[in-house]
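>>> The following comprises the amino acid sequence and a computationally predicted model.
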Amino acid sequence: MSSSTLLFHNSLLSSSSPCSQYTKNAGTTCFSIFSYSTSNPTPLLQLKSWDHDYYPRNAPFWVVSDRKPRRGNVIRLHASVAKTASSNSAVSNSSTTKRVVLSSVMTVALAVGNKVLYKLALVPMKHHPFFFAQLTTFGYVIIYFSILYLRYRSGMVTDEMIALPKAPFVAIGALDALGVAAGMAAVAMLPGPAIPLLSETMLVWQLGFSSLILGKRYRCNQIVGCILVAVGVVLAVASGSDSSRMLSGVKPVWPLLMIASSAFQAGAFIIKEFIFVDAAVQLKEKSLDILVVNSFGSAYQALFVLLFLPFLSNMRGIPFAQLPTYLKDGAGCFLNIGAGASGCNGAPLLPLLYVATNLLFNISLMNVVKISSAVVSSLVVMLSVPISIYVLSLPLPYLEAGATLSPFFLFGSAILVLGLILYSIPQPAKDCSKIS
């Protein structure tokens, strides 16, 4: 700031101003202009006469007039301020809603592509799914931190973002790794149709955790909408299966373990949302970069997966002593080279397409968590489930002939869409025409 500007600024704030005293001065009127903030909700414009009130010392600017304001002028000024604030709030809400809708549509498209390409990627990797899972877990750490480094060098990621507390990221990594371990153990003992059905309990866990950890309160239409979405997904996924005997002969511990896996993953998502909320306070006007959360979260997840590796390999029927040989064969199949590459047609193109799409999907999903909430991100993923089933029912390369969908699939999809519409019904806006 130049010296002349500084002197002018100091003169405005000096105690010699007639408006800086608390003594009354009949016939003098003081106009004050305030900057509005949620933390200090002072009016944008205030008009007071010293014949009726004392004037505060902390106003940043003063304009002195020897005319008394009429009461009608004061009322019109307050009404104008209220109208302006209401208009700005409506524009901000409309802009946020558009961002959420666009991000959600993009995430649904990427989620569908992610599920379809994962099914295609497992065609060449059908004998090495455990290798493929570990490749993505540890490979994403390298990719995420490489992108994070480039964004840091460009100034998009700041030192304050990197210096955020790491305890929440450690919790995310631990919960994700526990979710993988519990899910892998349960998947080995559960029938195929039961797995996606039990996974839908993740939405219920998210509603509970967001209320407990973030202190959120949900309206009745949002809760009923979430229930309808879960019911719709269950009907769509379970169409054509004998659900009444689906879990017959299965010990209760395995369904409970699958539900616990969903709870771990739901907790990880809620903590990610908490990180964005907390960073908005710590970074003040700066927005936390998504790659910071993805990079550190995936790094700690890889660390805990590495600790659980002996247990995970045994769950997949691979003795830990034979793990190096298994990983070597898996790498040969992934690259489609060597003696173990027979039956790996489609590699490495199909696995790499899945990896690229999955990275974009993870970033897009994290953006939905950032600008909206973890519950909305879960609803977006659920919407992609029936669409993915429909796409996979079509004749696709490398896959078997398409299947015919039952009427229950269409019925479940309709209920799911109805639940999304019910959840999205906006709450009646408060009347902003008055200022207390």
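That came through, no problem.

>>> Quick check: phi and psi at Lys251.
Phi and psi for Lys251, reported as degrees, to the nearest 10, are phi -60, psi 140.

>>> shaky segments in the stretch 51-200 of the chain?
51-92, 192-193 (pLDDT under 70).

>>> can you pull the pLDDT of the residue most central in space within the chain?
Residue closest to the mean C-alpha point of the chain, counted by CA atoms, centre = their mean, is Val369 at 1.2 Å. As summarised for this prediction, Val369 has a pLDDT of 96.

>>> which residues touch it?
By CB atoms under 8 Å, 6 or more residues apart in numbering, Val369 lies in contact with Phe269, Lys272, Glu273, Phe276, Val376, Ser377. (C-beta placed from N, C-alpha, C; glycine too.)

>>> Please determine how far it is located from Leu394.
To Leu394, Val369 is 31 Å away according to CB to CB, to the nearest Å.

>>> Skipping its backbone neighbours, what lies nearest Ala403 in space?
Computed as CB to CB, 6 or more residues apart in numbering, the closest residue to Ala403 that is not its neighbour in sequence is Ser393, at 4.8 Å.

>>> what's that neighbour sitting at in phi/psi?
Torsion angles, degrees, to the nearest 10, at Ser393: phi -80, psi -10.

>>> Run a quick neighbour tally on it.
Residues lying near Ser393 (other CB atoms under 10 Å) number 14.

>>> all helices for the stretch 151-300 of the chain, in order.
For the stretch 151-300 of the chain, the helices defined by DSSP state H, counting those that start in this stretch occupy 159-162, 167-187, 194-199, 201-213, 220-238, 253-282, 290-307.

>>> Which among these is found nearest to Pro124?
Comparison of the helices of the stretch 151-300 of the chain against Pro124 by CB to CB identifies helix 167-187 as nearest, at 20.8 Å.

>>> Quick one: work out the angle between the closest one and helix 290-307.
50 degrees (axes from the mean of the first three to the mean of the last three CA atoms, to 10 degrees).

>>> now for helix 167-187, which elements pack on it?
Applying 3 or more CB pairs under 8 Å, 6 or more residues apart in numbering; DSSP states H and E, we find helix 167-187 packed against helix 194-199, helix 253-282, helix 290-307, helix 309-315.

>>> any chance of those in CSV, with mean neighbour count too?
Shown next, in CSV, are the helices and strands packed on helix 167-187 (neighbours: other CB atoms under 10 Å):
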stretch, mean neighbour count
helix 194-199, 19
helix 253-282, 20
helix 290-307, 21
helix 309-315, 16
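
>>> any chance of these in TSV, plus distance to Thr325?
Below are these laid out as TSV (distance: least, CB to CB, whole Å):
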stretch	distance to Thr325
helix 194-199	29
helix 253-282	29
helix 290-307	19
helix 309-315	12
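
>>> nearest to Gly155, of those?
Per CB to CB, nearest to Gly155 of the helices and strands packed on helix 167-187: helix 290-307, 13.6 Å.

>>> what number of residues lie near the residue lying closest to Asp289 once chain neighbours are set aside?
Among residues not flanking Asp289 along the chain, Val157 sits closest, at 4.9 Å (CB to CB, 6+ apart). A count of nearby residues for Val157, using other CB under 10 Å, gives 21.

>>> Please look at Val157 and Phe145 and confirm they touch.
No: counting by CB atoms under 8 Å, Val157 stays clear of Phe145, with 11.2 Å between them.

>>> residues contacting Tyr398?
So Tyr398 contacts Leu120, Val123, Asn345, Gly346, Leu350 (CB under 8 Å, 6+ apart).

>>> host element of the last one?
Translated: Leu350. helix 349-371 (DSSP states H and E).

>>> same check, this time on the first one
The secondary structure element spanning Leu120 is helix 71-121 (assigned by DSSP H and E).

>>> Equivalent analysis for the fourth one, please.
Using DSSP H and E, Gly346 is not contained in any helix or strand.

>>> Just list the residues touching the nearest residue to it once chain neighbours are set aside, thanks.
Here the nearest residue to Gly346 in space, its sequence neighbours aside, is Pro124; by CB to CB, 6+ apart that works out to 4.3 Å. Pro124 makes contacts with Cys333, Asn336, Gly343, Cys344, Asn345, Gly346, Ala347, Leu350, Pro351, as judged by CB under 8 Å, 6+ apart.

>>> contacts for stretch 210-223?
207, 270-271, 273-274, 277, 373-375, 422-423, 425, 427.
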